[in-house]
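**Q** no sequence for this one, just the structure:
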């Protein structure tokens, strides 16, 4: 988080959620009750593959997914893009244009025949092209899985206790787990021969903030003669604001899987919720094509198109959950009180400006504490 302001924004969700609960956050437009990402920054979008290997840019992280206000996803994305622009030394006028075109890209996802209306920027084309070229061997090499079909222990992978190994063996003894996450055959098709899954190796996965104090495992599975890398991750309670009096799964793992199924079907169909060592976890197969969108530097010519396309992806996920009447009503609410000059609604501009300012201050304080502790 001390590496850059953008890294700080990505890693510090608490400050953003505190702002949403403040008076300024309460004054945002109130959108329809749909599944939202809840933590919609640039790093939580990227290439995602479906069972057939088709790759699309979609949302890819759902730890904070809830049924809530779609405005929250837009502001989180706007904050992330504005911080990336400042980190790329782009002038403020570029940020103003990015927010304007971000909203235009989001709106285009709500109209019939929207495919192709929003041009893919260079960074997205490059990420999709790279994802489509990836193979299982490349994934195994990245994760340091060797030819002996083991997960090497070290900095990123830690040994398991006997209880953990027994729990993993029990989890994969259920044939429905691998059927769900690999799409091997229709779940519940009792006439087909049950696929065979053999756990080759497993390890605790030290993977950033998501593994601090939580259950997180990498499991190498032989499934009908093919290797699969499976991720087991503990689901925790979401801290992102949600709509009250709206039915949502109480079990956090089921909440994550259901949110993913609505927002990113290619990923949601490869996930399943289970109980594991008395905790809720979600299990998913890691595909070679699944990548995080990395934007270290925004080019001045690509910045606006990047903002427009990423917002279009978010809009596509939101719009798929609304009928035509709700879509029209939401778009009307979204564009109420547009700014006199740019057309960007004041609520979006003022929200992002306030959040950028507070996160800049928070970042410098974080760096001071980091430097003192070091």
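**A** Good, I have the coordinates. Predicted model, so just to flag it, every value in this text is computed and none were measured. Residues are numbered from 1 along each chain as shown.
**Q** list the residues that contact residue 155.
**A** For residue 155, the contacting residues are residue 206, by C-beta atoms under 8 Å, 6 or more residues apart in numbering. For glycine as for every other residue, the C-beta is placed from the backbone atoms N, C-alpha and C.
**Q** so residue 220 sits in a helix?
**A** No: checked against DSSP: H, G, I helix; E, B strand; the rest coil, residue 220 lies outside a helix; its state is strand.
**Q** what pairs with it across the strands?
**A** Beta-bridge pairing for residue 220 (DSSP bridges): residue 201, residue 229.
**Q** what's the neighbour count on residue 367?
**A** Using other C-beta atoms under 10 Å, residue 367 has 15 neighbouring residues.
**Q** ok, the one 4 residues further on next?
**A** Neighbouring residues of residue 371 were enumerated by other C-beta under 10 Å; the total is 9.
**Q** what does residue 179 give?
**A** Taking other C-beta under 10 Å as the criterion, the count of residues near residue 179 is 21.
**Q** please apply the same query to residue 208.
**A** Neighbour number of residue 208 under other C-beta under 10 Å is 9.
**Q** how close does it sit to residue 300?
**A** In this structure, residue 208 and residue 300 are 30 Å apart, going by C-beta to C-beta, to the nearest Å.
**Q** kindly report the same for residue 347.
**A** For residue 347, the distance to residue 300 - C-beta to C-beta - is 27 Å.
**Q** okay, those two: which has more neighbours?
**A** Between residue 347 and residue 300, counted using other C-beta under 10 Å, residue 347 has the larger neighbour count: 19 against 12.
**Q** can you classify the more buried one by secondary structure?
**A** Put simply, residue 347 is helix when judged by three-state DSSP.
**Q** just checking, it touches residue 28?
**A** Yes: assessed by C-beta atoms under 8 Å, residue 347 is found in contact with residue 28 at 5.9 Å.
**Q** what touches both of those two?
**A** Common contacts of residue 347 and residue 28, defined by C-beta under 8 Å, 6+ apart, comprise residue 71.
**Q** so who does the residue nearest to residue 359 when sequence neighbours are not counted touch?
**A** The shortest distance from residue 359 to any non-neighbouring residue, by C-beta to C-beta, 6 or more residues apart in numbering, is to residue 9 (5.5 Å). Contacts for residue 9 (C-beta under 8 Å, 6+ apart) come out as 16, 41, 79-80, 83, 359, 363.
**Q** once you drop chain neighbours, what's closest to residue 15?
**A** Distances taken as C-beta to C-beta, 6+ apart place residue 362 nearest to residue 15, at 5.7 Å, with adjacent residues excluded.
**Q** now do the phi/psi pair for that neighbour.
**A** Here is the backbone geometry of residue 362 (degrees, to the nearest 10): phi -60, psi -40.
**Q** and the gap between it and residue 9?
**A** For residue 362 relative to residue 9 (C-beta to C-beta), the value is 9 Å.
**Q** hmm, back to that, and the helix or strand containing the residue nearest to residue 359, average pLDDT?
**A** Element membership of residue 9, judged by DSSP states H and E, is helix 5-11. On average, the pLDDT along helix 5-11 is 87.
**Q** buried sites along it?
**A** For helix 5-11, the neighbour count (16 or more other C-beta atoms under 10 Å) marks 5-11 as buried.
**Q** mind putting the residues you listed into TSV with distance to residue 330?
**A** What follows is these, written out as TSV (distance: C-beta to C-beta, whole Å):
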residue	distance to residue 330
5	31
6	29
7	32
8	31
9	26
10	27
11	30
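**Q** so residue 150: helix, strand or coil?
**A** Once three-state DSSP is applied, residue 150 turns out coil.
**Q** run through the residues that contact the residue nearest to residue 15.
**A** 8, 12, 15.
**Q** I'd like those laid out as a markdown table, including distance to residue 120.
**A** Output for the contacts of residue 362, formatted as a markdown table (distance: C-beta to C-beta, whole Å):
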| residue | distance to residue 120 |
| --- | --- |
| 8 | 28 |
| 12 | 29 |
| 15 | 32 |
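**Q** between these, which sits nearest residue 274?
**A** Within those, the smallest distance to residue 274 is 30.2 Å, found for residue 12 (C-beta to C-beta).
**Q** the closest one is in contact with residue 1, isn't it?
**A** Yes: counting by C-beta under 8 Å, residue 12 touches residue 1, with 6.6 Å between them.
**Q** what residues are shared contacts of these two?
**A** Both residue 12 and residue 1 are contacted by residue 366, under the criterion C-beta under 8 Å, 6+ apart.
**Q** how about low-confidence regions in this structure?
**A** For the chain, residues meeting the criterion pLDDT under 70 lie at 116, 144, 146-148, 185-195, 209-211, 337-343.
**Q** domain ranges for it?
**A** Following automatic domain parsing, one gets these domains for the chain: 5-132+293-373, 136-286.
**Q** so which of those domains is the most surrounded?
**A** domain 5-132+293-373 (a mean of 19; mean count of other C-beta atoms under 10 Å).
**Q** start and end of that one, how far apart?
**A** Domain 5-132+293-373 has its terminal residues 19 Å apart, counting by C-alpha to C-alpha, to the nearest Å.
**Q** apart from its chain neighbours, what residue comes closest to residue 134?
**A** Spatial nearest neighbour of residue 134, excluding adjacent residues (C-beta to C-beta, 6+ apart): residue 288 at 4.1 Å.
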